[in-house]
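Trainee: After the sequence you'll find the predicted model.
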Amino acid sequence: MVTQEQRRRQLAREKFLRQQQRRTSARRKARMRNAAIASVLGVILIGSVALYTTGVVLGDDDDSKTNANAEVTPSASAPSKAPDPCEKPAEGKVKTQTWKKEPAMTVDKSAKYTMKLATTCGDIDIALKADAAPHTVNSFNFLAGKGYFDHTKCHRLTPEGIYVLQCGDPQGTGAGGPGYTIPDENLKDKSLKGNVYPAGTVAMANQYNPQTKQGRNTGGSQFFLVYQDSQLPPDYTPFGTISKDGMAVLKKIAAAGAQAPDPTTGNTAPNATVVIDKATVTTS
């Protein structure tokens, strides 16, 4: 017999898939429209610039609304409100640079990599899986070194169905990316049992649509942090694990709840002002 909780989760997943389809369709129409405009004006948009202007989420797909495609989470239907537990963001501007292709591989798969997200809500340390997801870790090492994540907002919090905080988009809309994509990796990680991403997992958003089987290898810069076990198919590269202290920060953010869905993007932004003041990747 299906319980009320199981039915609720099923409905949330179905809603998530519908959102993915709508986003994929919207992006396709946007690309066609932009291509037509470019043809008329005689302007050739190359590589990442073209992708960036069309609003394609490179590296996320959630396509959930962000698509873990540009995301990965279903939006909340009953937003809550709580005091903002975070501090004022550090002064600085978001960088808008993009690149035409994935950076050259320089990661040492035998080394230990750690990413520190110094956020307005506290530090979140993440142990990266360079051996299992070398392209992903290499990309984050490159982007962090360029200051790509600095001063960016975490634009989405999903408090229902799946439980994640999504970050990594300089636009703050779920449609931004670095201009290049990276391959899916580590989708058979031993931690992913029973189609569950366990609390503490850090994974890539992307544009994969499980219904059409299209959108593989579309990871970019957007990623999500799981603060509570979440039912999701193994379609999103798991590439890191959050430290105990980092989980305390993440849960504090989640406890503040999410806002109502944005009418333009559909994102449910966190009530907490979550800004990555500085992202760094270190090796040991």
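Mentor: In hand now; what should we look at?
Trainee: Report how many residues lie close to Pro159.
Mentor: Look at Pro159: counted by other Cβ atoms under 10 Å, it has 24 neighbours. Glycine gets a C-beta too; all of them are placed from N, C-alpha and C.
Trainee: Name the SS class of it, please.
Mentor: Under the three-state scheme (DSSP: H, G, I helix; E, B strand; the rest coil), Pro159 adopts strand.
Trainee: isn't it right up against Ala254?
Mentor: Yes - Pro159 is in contact with Ala254 according to Cβ atoms under 8 Å; the separation is 6.7 Å.
Trainee: Glu102 against His135, yeah?
Mentor: Yes - if you go by Cβ under 8 Å, Glu102 and His135 touch, sitting 7.1 Å apart.
Trainee: Name the residues contacting each of the two.
Mentor: Counting by Cβ atoms under 8 Å, 6 or more residues apart in numbering, the contacts common to Glu102 and His135 are Ile182.
Trainee: Who has more neighbours out of those two?
Mentor: His135 (21 against 18).
Trainee: now that one, what's its secondary structure?
Mentor: From three-state DSSP, the assignment for His135 is helix.
Trainee: Now it: closest residue in space that isn't a chain neighbour?
Mentor: Ranked by Cβ to Cβ, 6 or more residues apart in numbering and with sequence neighbours excluded, the top spatial neighbour of His135 is Ile182, at 4.8 Å.
Trainee: what's near enough to touch that neighbour?
Mentor: Ile182 touches 59, 102, 135-136, 139, 204, 217, 219-220, counting by Cβ under 8 Å, 6+ apart.
Trainee: Report the beta-bridge partners for it.
Mentor: For Ile182, the beta-bridge partners are Gly219 (DSSP bridges).
Trainee: Give me the neighbour count for Thr96.
Mentor: 10.
Trainee: confidence score at it?
Mentor: For Thr96, the pLDDT comes out at 90.
Trainee: Same check on Pro79?
Mentor: Per the predicted model, pLDDT is 53 at Pro79.
Trainee: just Met1 next, same as before
Mentor: Value listed for Met1 in the pLDDT field: 54.
Trainee: Asn141 now?
Mentor: The per-residue pLDDT of Asn141 was computed as 98.
Trainee: Is Asn138 located within a helix, as I assumed?
Mentor: Yes - assignment of Asn138 by three-state DSSP places it within a helix.
Trainee: the longest strand in this structure is where?
Mentor: What stands out as the longest strand in the chain, according to DSSP state E, is strand 275-283.
Trainee: so what does that one touch, helix or strand wise?
Mentor: In terms of contacts (3 or more Cβ pairs under 8 Å, 6 or more residues apart in numbering; DSSP states H and E), strand 275-283 is packed against strand 113-119, helix 134-145, strand 152-153.
Trainee: In JSON lines, list the ones you listed along with distance to Asn209.
Mentor: Listed next are these as JSON lines, based on distance: least, Cβ to Cβ, whole Å:
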{"stretch": "strand 113-119", "distance to Asn209": "28"}
{"stretch": "helix 134-145", "distance to Asn209": "20"}
{"stretch": "strand 152-153", "distance to Asn209": "26"}
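Trainee: Most neighbours among the contacts of Ile182, which one is it?
Mentor: Gly219 (35 neighbours).
Trainee: from what I can see it touches Ala203, true?
Mentor: No - when contacts are counted by Cβ under 8 Å, Gly219 is not listed as touching Ala203 (9.4 Å).
Trainee: Please enumerate the shared neighbours of those two.
Mentor: Joint contacts of Gly219 and Ala203 (Cβ under 8 Å, 6+ apart) are Thr237.
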